[in-house]
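Asker: need a 3D model of the sequence below.
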Amino acid sequence: MGTSHSVRRSNRGQNAEFPWDTFDSRSYFAANYSKIRHDDQKIVEVVRDFFSVSGVRAAEGIDVGSGPNLYPALAMLPLCETVTLYEYSDSNIEWLHGQKEHYSRPWDAFWDVLAGDPLYEAVPDPRDELRRRARIVQGSVFELPEARWDIGTMFFVAESLSSDKDEFRAALDSFLRCLKPGAPFAAAFMENSTGYAVGDTAFPAVAIETKDVAQCLGSAASSIHIDRIAMDDKPLREGYSGMILAWGRIMERGKD
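Answerer: Now for the predicted structure:
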C-alpha cells in the first residue's frame with residue numbers, strides 16, 4: 001500500500017497502488033457513521049441476534065480492516081475478553097487509538113441498537129469495556145495468521161481494497177482462515193460497488209453480488225446465511241446497488 005500524498009483520481013488498480021496510509025479517516029467517519037442509517041441498523045440487529053445466541057463467551061475476537069468503523073467491534077464486546085482491531089492504514093490506526101480511549105458520541109446510537117438484546121444491555125459502560133478489551137494491531141489482511149481467533153467480523157473490506165476480483169477472494173479467504181473451526185463470523189459488503197472517494201482521493205472496489213460471496217464462503221463455512229439489504233431513497237453515495245451481509249460458522253478444515 002502506498003504512502004503518496006498526491007491526489008489519485010483513478011479507482012482502478014491493485015491494492016498496493018493506493019495511498020492507504022493517508023486515508024482521511026475523519027472524513028470517512030463523518031460521511032458514513034455520524035448518524036446511524038437504516039441499512040447499518042439492520043446489519044447491527046442481525047449480527048447482534050446471531051452473536052447473542054452463538055454460545056461464545058470470554059473469547060478472543062477480531063475485526064479485520066476496522067478502518068473508521070467501531071460497530072463490528074462493539075457487536076463482539078460482551079462475547080470477548082479481547083477484541084483485536086486489525087488495520088493496515090497508518091491514519092486509520094491513529095484514528096482507532098483515539099476512539100479506543102473515548103469513542104465519539106455518534107457510536108451511542110449504534111450501541112443503543114445492540115442494547116436491545118439483554119446480553120448487550122448488561123454491559124455497564126461500553127466505552128470503558130472497549131478501552132479495556134480492544135487491541136489495535138497493524139497488519140495486512142493478506143497476512144493474517146491461521147486459526148487464531150474465536151469469533152470475527154470483516155465489514156466493507158474485501159470488495160473495497162482493489163479492483164481485482166482475485167484480491168477480493170484472497171482477502172475474504174484470509175479472513176475465514178484466521179478463525180478457528182466452529183467460530184461464528186459476520187461479513188458485510190457493498191454490492192456492485194464501482195469505487196468510492198474519500199476527500200479528493202479515489203479508492204477501488206470490485207463489483208460483487210451475493211453469488212460471489214456464496215462461492216467464497218461455500219468451502220470454508222457452514223450454516224451460511226446471506227442477506228441482501230436494498231438501498232432506500234437516500235443512498236450513502238453513488239456507485240453501488242445495496243449491501244450484502246453474510247454470517248455463519250467456520251467449518252473444520254478439509255471438510256465440506
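Asker: let me see the contact set for the nearest residue to residue 157 once chain neighbours are set aside.
Answerer: For residue 157, ignoring the flanking residues on the chain, the nearest one in space by C-beta to C-beta, 6 or more residues apart in numbering is residue 65 at 3.4 Å. For glycine as for every other residue, the C-beta is placed from the backbone atoms N, C-alpha and C. For residue 65, the contacting residues are 86, 87, 88, 141, 154, 155, 156, 157, 161, by C-beta atoms under 8 Å, 6 or more residues apart in numbering.
Asker: surely residue 86 is in contact with residue 67?
Answerer: No. With contact defined as C-beta atoms under 8 Å, residue 86 and residue 67 do not form a contacting pair (10.5 Å).
Asker: what sits against residue 203?
Answerer: Per C-beta under 8 Å, 6+ apart, neighbours of residue 203: 11, 18, 23, 160, 195, 196, 197.
Asker: CSV for those, including distance to residue 221, pLDDT and neighbour count?
Answerer: Output for those, formatted as CSV (distance: C-beta to C-beta, whole Å; pLDDT from 0 to 100; neighbours: other C-beta atoms under 10 Å):
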residue, distance to residue 221, pLDDT, neighbour count
11, 29, 77, 18
18, 29, 96, 24
23, 29, 97, 23
160, 21, 98, 20
195, 27, 96, 19
196, 27, 96, 22
197, 32, 95, 18
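Asker: out of these, who's nearest residue 182?
Answerer: Within the contacts of residue 203, the smallest distance to residue 182 is 28.0 Å, found for residue 160 (C-beta to C-beta).
Asker: what sits against that closest one?
Answerer: 190, 193, 196, 203, 204, 205.
Asker: just the ones of those in strands?
Answerer: 190, 196, 203 (DSSP state E).
Asker: closest one to residue 40 out of those, please.
Answerer: residue 190 (12.2 Å).
Asker: for residue 156, see how far away the closest one is.
Answerer: Noted for residue 190: a distance of 6 Å to residue 156, by C-beta to C-beta, to the nearest Å.
Asker: over to residue 70?
Answerer: Applying C-beta to C-beta, the value for residue 70 to residue 156 is 13 Å.
Asker: between the two, which is the more surrounded one?
Answerer: residue 70 (27 against 21; other C-beta atoms under 10 Å).
Asker: list the contacts for residue 165?
Answerer: Counted by C-beta under 8 Å, 6+ apart, residue 165 has contacts 206, 208, 212.
Asker: do you know the pLDDT at it?
Answerer: For residue 165, the model assigns a pLDDT of 97.
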